[in-house]
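Peer 1: Just the structure for this:
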Amino acid sequence: MNSVTEEKKRIRKRIKLLKASLSNEKRINDSLLIFSKVEKDPKFINAKKVLLYWSMDDEVYTPDFVQKISSEKDVFLPVINGDSLVLRRFSSIDNMRTEPRFGIYEPQGDDYLVWNDIDYAIIPGVAFDIKNNRLGRGKGFYDRILNSIRAFKVGVCFEFQLFDKIPVEPTDVPMDVVFTS
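Peer 2: Numbering: from 1, shown residues only. The predicted model follows:
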């Protein structure tokens, strides 16, 4: 294992411990603060098609925000398809199902194929740094999507997930901005 890989692994382990100590109430309140910043971003205000994600239990909480903005904007969520992600339009909570491999809630329906129409992408991460670099979970799912879209890329994280510097590799796609609690 090279030193970058080892450092990424160390950061992931550290963040996992910090997330475990975060109460659900604090997670939701901090998430509301993060999304209040997103909502003030002129690029978000003007966006018509938004890539978001349905949060897992240890991520910035998104279900309420997804539902809130879906009445004003077209919202697309990633869906696991083998070793990659496809995008599907969010229509309602009633059209969501749990994906068996990781237990992620995903929209049903047709894959969305016109990725370059997406204006704004809100992306989770294990950690980010002040230069907008992103550290994911290590599978490269989001990096493959981020290399394929022209959208304004926004990382969202809790304050303890923001570092001065994180290790990066050529395949890691930086964000345009990172919003934190």
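Peer 1: first to last residue in stretch 80-95, what's the distance?
Peer 2: Chord length of stretch 80-95, first to last residue, is 16 Å (C-alpha to C-alpha, to the nearest Å).
Peer 1: meant to ask about stretch 38-53, not that
Peer 2: The first and final residues of stretch 38-53 sit 14 Å from each other (C-alpha to C-alpha).
Peer 1: List the buried residues of it.
Peer 2: Buried residues in stretch 38-53, counting neighbours by 16 or more other C-beta atoms under 10 Å, are found at 38, 44, 47, 49, 50, 51, 52, 53. C-beta coordinates here come from the backbone N, C-alpha and C atoms, glycine included.
Peer 1: where along this structure do the strands fall?
Peer 2: When assigned using DSSP state E, the strands of the chain occupy the ranges 49-51, 74-81, 84-89, 96-98, 105-107, 111-112, 120-123, 127-129, 134-135, 152-157, 162-163, 177-180.
Peer 1: Distance to residue 7 for those strands - can I get that in JSON lines?
Peer 2: Written out in JSON lines, the entries for these read as follows (distance: least, C-beta to C-beta, whole Å):
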{"stretch": "strand 49-51", "distance to residue 7": "28"}
{"stretch": "strand 74-81", "distance to residue 7": "26"}
{"stretch": "strand 84-89", "distance to residue 7": "25"}
{"stretch": "strand 96-98", "distance to residue 7": "33"}
{"stretch": "strand 105-107", "distance to residue 7": "31"}
{"stretch": "strand 111-112", "distance to residue 7": "35"}
{"stretch": "strand 120-123", "distance to residue 7": "21"}
{"stretch": "strand 127-129", "distance to residue 7": "11"}
{"stretch": "strand 134-135", "distance to residue 7": "9"}
{"stretch": "strand 152-157", "distance to residue 7": "18"}
{"stretch": "strand 162-163", "distance to residue 7": "11"}
{"stretch": "strand 177-180", "distance to residue 7": "19"}
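Peer 1: Put together JSON lines for those strands, with mean pLDDT and distance to residue 23 on each row.
Peer 2: Shown next, in JSON lines, are the strands of the chain (pLDDT from 0 to 100; distance: least, C-beta to C-beta, whole Å):
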{"stretch": "strand 49-51", "mean pLDDT": "98", "distance to residue 23": "28"}
{"stretch": "strand 74-81", "mean pLDDT": "94", "distance to residue 23": "26"}
{"stretch": "strand 84-89", "mean pLDDT": "92", "distance to residue 23": "30"}
{"stretch": "strand 96-98", "mean pLDDT": "93", "distance to residue 23": "24"}
{"stretch": "strand 105-107", "mean pLDDT": "93", "distance to residue 23": "21"}
{"stretch": "strand 111-112", "mean pLDDT": "96", "distance to residue 23": "35"}
{"stretch": "strand 120-123", "mean pLDDT": "98", "distance to residue 23": "23"}
{"stretch": "strand 127-129", "mean pLDDT": "98", "distance to residue 23": "20"}
{"stretch": "strand 134-135", "mean pLDDT": "96", "distance to residue 23": "24"}
{"stretch": "strand 152-157", "mean pLDDT": "98", "distance to residue 23": "17"}
{"stretch": "strand 162-163", "mean pLDDT": "98", "distance to residue 23": "19"}
{"stretch": "strand 177-180", "mean pLDDT": "98", "distance to residue 23": "18"}
